[in-house]
Structure formats: C-alpha cells, structure tokens
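S.K.: Build the 3D model from these lines:
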Amino acid sequence: MWLGVLRTILYTLAALMVCAVAFVAGIFVARQTVRPPGPLELPVTPTEQVNRAKELIEEALAARFEGDNAKAIQLFGEAATLDSSLKGLDYQRGLSFLFSGDFPNAEAAANASLAEGEEAANARALLIMCAAGRARAGETTDPKQVEEWFGEARAKDPLSSFVHYAMGEYNRAIGQPRAAVDNYRRALERVSAADSYLVATVKAGLSKLRLRQTSDPKPFMPSIDDPALPPEELFFAAAQALINEDTATARAFLDRAEKVVRPDIFSALLRDSFFQDFLPEDSVNDPQ
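M.R.: Numbering: from 1, shown residues only. Model prediction:
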C-alpha cells in the first residue's frame, strides 16, 4: 500500500516539474521574441498611399519642368508602385525619356501605354516625336509607319494639338517644311494656352521664312526700336537678319525677346533648327 502511495506522489512531483519547466521555457521564449520598445509604427492606409502617389506625380512634373528628367522618371515609377490604378504614367515617363534623348525607352513607354489602352492619341504622338528625334540625329525612319501613327492618333483624338505638333516636327526633321507649316497651323487651331501658341507660331513662321528665301529674299524688316512688336515678330526679325547674314541685328532682336519671353520658352525656341543652322555657336548665350 505504501508503495502505491509513494508511486503516486512521485508521479505527481514529476508532472509538476514538467509544468514548471514548460512555464519557464515559455517566459524565456517570449522575452527573446518581444522587440525592445521603440516608436509606434502605424500601418499606412490605402488612402494615404493614393495621396502620396498624387504628391509624387506633382513632384515629378515639377522636376521635369526644371529639366531634371531622371528624377521625374524615378518619381513617376514610385507613384506607380504606390497606386497601380493611376492612368497615363507610362506616357508621362515616355515624355521624360524623350526630353532626355532616350528614344528607345521613350518608345517602349509609349508602346506600354498603348498596350494598356491608355493615352491612345498622345502615345502615338510620342512615337512620332521619337521618330523626329531619330531623323534629326541622322537615323533612317519609316515615313509610312509615322503616317500610320498620325492617322490613328487623329482618329482617336481629332482635337489634339500635340498630334499635329508632333507631325510638324517630323515633317521638318525629314525636310518637308511645307507639310510642317500646315501641321503647325492645325496645332495652332487646337490650342489656347499662350505659351503653346507662341512656340507653334514661331516654329511655323520660321519654316515659312525658309520657304521664302529664294522667292522673296527681302521681306519687311521691323525696326528694333518698335516697342509694339509681339514676341513672335522678334524671333521672325532675328531669323530674317540671319538670312541676310546680319548677326548683330539678329542678336539685338533675340536680346529683346529674351527679356519678354519666359526663360524655358526662350530656350526652347532658340534650340529651333533654324537658329542652330544659322547662328554661330559663340554668337548667343547658352539659354541653359
């Protein structure tokens, strides 16, 4: 009898020891897994992600406006990661690649936009702009393919000014100034923003000056002292002076234009192939 009681007591003690060991082990493991106290990390809500993505887009657009296309491309990518529902980011990245001279990536972005069914007209216009850039760089392009993109873009958005502007740039790049003038005019009919109007007007006017060089070599030259000359006339007068090999007068008109035209617009216009062809490299200050 005593042997049975002793056995029961021993079994009970053994069970209690096992429980105690398990309890101590549990405390040890819990202490090892608990992180030291630190700042409270709150989860980011979907709404906050969407709002941050929109902020990144604004930052990307500002960076591109300032000429930092690499930063713009990075920020557009971050925005897409935060909010995959955002539309048009491939096209916007493509524009930034275009402005940085990276035609392969610009074309890839344009094609990605088309594959997703986004920015159908603008993405094709972007492809046309890439073709214009390649043609200016001396590369061979496919005019039939460009015409196809142009027709498809017009069918998607007949009111787009960018589509006609892009085609005008391609026409100029492959030596078709008359077609360029027509497309610039059509772009003008579709824009209302003053800066876009000015750029397209000046490009069309410069192309017309090229056409008149042989048939009308001496058009009217305005006075440099005329305070009423609009900005586009200042560029036209500078171009006409260059045709007449009068670099000093051209410089004077460009100096006036620089004072009344926004710096980024002046820079874009001075990069026009007309001035690049006629002006000596050291005759104007670098607009950058």
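S.K.: Give the buried residues for stretch 237-244.
M.R.: Within stretch 237-244, the residues that count as buried by 16 or more other C-beta atoms under 10 Å are 237-243. Just so you know, the C-beta spots here come from the backbone N, C-alpha and C atoms, and that holds for glycine as well.
S.K.: which stretches of the protein form strands?
M.R.: Read by DSSP state E, the chain holds no strands at all.
S.K.: Residue ranges of each domain in it, please.
M.R.: Using automatic domain parsing, the domain parsing of the chain gives 50-99, 212-288.
S.K.: Would you single out the least confident of those?
M.R.: Lowest mean pLDDT of the domains of the chain: domain 212-288, a mean of 76.
S.K.: Work out the gap between that one and the centre of the chain.
M.R.: The chain centre lies 28 Å from the centre of domain 212-288; the measure is C-alpha atoms, centre = their mean, to the nearest Å.
S.K.: try stretch 167-175
M.R.: Relative to where its chain is centred, stretch 167-175 has its mean C-alpha point 21 Å off (C-alpha atoms, centre = their mean).
S.K.: which residues are in contact with that stretch?
M.R.: 125, 128-129, 131-133, 135-136, 141, 143, 146, 150, 177, 179-184, 187, 200, 203-204, 207, 273 (C-beta atoms under 8 Å, 6 or more residues apart in numbering).
S.K.: Among the domains of the chain, show me which one is buried the most.
M.R.: domain 50-99 (a mean of 18; mean count of other C-beta atoms under 10 Å).
S.K.: Residue 274 and residue 206 touch, don't they?
M.R.: Yes: contact status for residue 274 versus residue 206: in contact at 4.3 Å, counting by C-beta atoms under 8 Å.
S.K.: anything in contact with each of those two?
M.R.: residue 239.
S.K.: Arrange the domains of the chain in TSV, one row each, with distance to residue 121 as further columns.
M.R.: TSV is the format used below for these (distance: least, C-beta to C-beta, whole Å):
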stretch	distance to residue 121
domain 50-99	10
domain 212-288	22
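S.K.: which stretch among those comes nearest residue 163?
M.R.: domain 50-99 (13.1 Å; C-beta to C-beta).
S.K.: can you give me the end-to-end distance of that closest one?
M.R.: In domain 50-99, first residue to last residue: 27 Å (C-alpha to C-alpha, to the nearest Å).
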